[in-house]
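J.: Sequence and predicted model, in that order:
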There are 2 protein chains.
Amino acid sequence: MAAAVERQGLSRSIEDYLKVIYKLQFQSGSAQTSAIAEALSIAPPSVSGMVKRLAEAGLLTHARYRGVQLTEAGERQALTMLRRHRIIESYLIEQLGYDWHNVHEEAERLEHAVSDGLIERMDRALGRPSHDPHGAPIPTAEGEIETTHYVPMTDIEVGSAAYLRMVADTDSERLRFIASLGLRPGVQFDVVARQPFNGPLTIRLGDDREEVIGYELAQSLQCEKVQ
Amino acid sequence: MAAAVERQGLSRSIEDYLKVIYKLQFQSGSAQTSAIAEALSIAPPSVSGMVKRLAEAGLLTHARYRGVQLTEAGERQALTMLRRHRIIESYLIEQLGYDWHNVHEEAERLEHAVSDGLIERMDRALGRPSHDPHGAPIPTAEGEIETTHYVPMTDIEVGSAAYLRMVADTDSERLRFIASLGLRPGVQFDVVARQPFNGPLTIRLGDDREEVIGYELAQSLQCEKVQ
DNA sequence: CAGCTAGTTTAGGCAAGGTTAAATTTAAAT
DNA sequence: ATTTAAATTTAACCTTGCCTAAACTAGCTG
């Protein structure tokens, strides 16, 4: 079973698989072949092949025709990748003048090339942040991560207040638009109106400015209700 | 002939080949299969195979059983890699507290992952240096490079003065030792004595401190004579 | 409970970039 | 002018990670 668990240099591909599987498991509780393929933009049979190798390497377990489950070793590695990605994004924004919306691609490449030592130095230079600029929690070097599940903005009732906590970092155009509305992780707002049939929400921000937000966009904004 | 010259994403391997070939050509005027293999720590037949592909891609020309010659496209790409490597090393040392002797390996991985945009930002943050901390010239974004050939310390006559200009960045232990002697690019010194039969040199530094330097080490220290 | 569909896996291939062993060529040395 | 040693190339093969086409479950639906 636990064949070559403790190897150091996992390939770029393997690192990507583990990260994607972790995210799928976190979101929907399971990771299926087609979902992995979709997320990595590759064909499903390629996933079947890789999954077999990852299972042999002890990084995940696999029940035929059912999904896939990361082992502890696999999850540890996935969290390492998440930590790298989020620290790199933070560093590029804080220290090198990148914008919110154009760090993802750069981090996606760098995360496979940096050493733990470099991540440690970046982390120190940043003052050991707990979250990245998109609001995503940064796993610790020991592999611990805050697992709060926020709620989409569409779940906030009219009349109640909430904080915006997290936005997905993957879609550059979407991020640009979110920023143009003055929305950032941490801002507080009230939902003042919403239209039926998955219509847009109207929210009021701290400076009494009101913004209208389409349903789909609102779904992607992870929030926390004010008590 | 000039098949796929203008492609954007060259593989890691190809980038390494081009860089190594450029360095060999610069040092000894030619790049032979075995020298390339040696520099990349791979077997000579692997080089033959790759050389064929690189020639087809228009990155170099190849005369059977003779060496290899970069084309303009190949040289441009090699200089891009050199620029990346040297800016990354500079950045790690200046901005992230790395030491002289432990940046090479990290830069060797990062140089394949960074975008031109990131290099530009690092360059700006550093104040657009002309040389890296080992004294190596940094090619411009346009692919121009200072091609001064320095002389090894062993070529400085007893009694004359010179500047240390450049040290190789590849050997970590050697760099550590060089630093411990107080030697850095830019320091001036006099050669006060040398033993025959490739024996050690004695030099005097600015603060009148004298140091004895073995022949082999002295050969690796690139210097410029004071007029 | 039989059948269909969607999702998954197997089979067979391909390209990149390595390997070792054998054949060639160059160039140096008798 | 040969011979020979060293360097180079060719041949045959391996691994990784992807592909398409075809075969196979699982589980819903009638």
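T.: All right, it came through fine.
J.: Give me the residue ranges of chain A where confidence is low.
T.: A:1-8 (pLDDT under 70).
J.: Now for residue A:205: which residues touch it?
T.: By C-beta atoms under 8 Å, 6 or more residues apart in numbering or on different chains, the contact set of residue A:205 is A:182-183, A:187-189, A:211. No exception for glycine: its C-beta is placed from N, CA and C like everyone else's.
J.: Any part of the helix ranked longest in chain A near DNA strand D?
T.: Scanning chain A for the longest helix, with DSSP state H as the assignment, gives helix A:72-96. No. Under the criterion of C-beta under 7 Å from any atom of the strand, DNA strand D is not reached by helix A:72-96; the shortest gap measures 13.4 Å.
J.: Quick one: name whatever helix or strand follows that helix.
T.: helix A:104-110 (DSSP states H and E).
J.: which strands and helices sit next to the helix or strand following that next one?
T.: Sequence-wise, the next helix or strand downstream of helix A:104-110 (DSSP H and E) is helix A:116-126. Helix A:116-126 sits against helix A:72-96, helix B:72-96, with contacts defined as 3 or more C-beta pairs under 8 Å, 6 or more residues apart in numbering or on different chains; DSSP states H and E.
J.: quick one: the last one near DNA strand C?
T.: No. With C-beta under 7 Å from any atom of the strand as the measure, helix B:72-96 is seen stopping short of DNA strand C, the closest distance being 13.5 Å.
J.: Just the buried residues of the longest helix of chain A, please?
T.: Applying a neighbour-count criterion of 16 or more other C-beta atoms under 10 Å in any protein chain shown, one finds A:73-94, A:96 buried in helix A:72-96.
J.: between it and helix A:116-126, how many degrees?
T.: 50 degrees (axes from the mean of the first three to the mean of the last three C-alpha atoms, to 10 degrees).
J.: Could you give the number of residues near the residue of chain A found nearest chain B?
T.: Relative to chain B, the nearest point of chain A is residue A:113 (3.9 Å; C-beta to the nearest C-beta). Using other C-beta atoms under 10 Å in any protein chain shown, residue A:113 has 19 other residues around it.
J.: Quick check, it in contact with residue B:107.
T.: No. Judged on C-beta atoms under 8 Å, residue A:113 makes no contact with residue B:107 at a distance of 10.0 Å.
J.: where do the helices sit along chain A?
T.: A:12-28, A:33-40, A:44-56, A:72-96, A:104-110, A:116-126, A:172-180, A:215-219.
J.: Just name the most buried of those helices.
T.: Neighbour counts (mean count of other C-beta atoms under 10 Å in any protein chain shown) averaged over each of these peak at helix A:72-96, with a mean of 21.
J.: quick one: that helix near chain B?
T.: Yes. Shown here: helix A:72-96 in contact with chain B (C-beta under 8 Å from any C-beta of the partner chain) through A:92, A:95-96.
J.: Let me know the closest of these to DNA strand C.
T.: Taking C-beta to the nearest atom of the strand as the measure, DNA strand C lies nearest residue A:92 of the residues of helix A:72-96 next to chain B, at 27.0 Å.
J.: No more questions from me, cheers.
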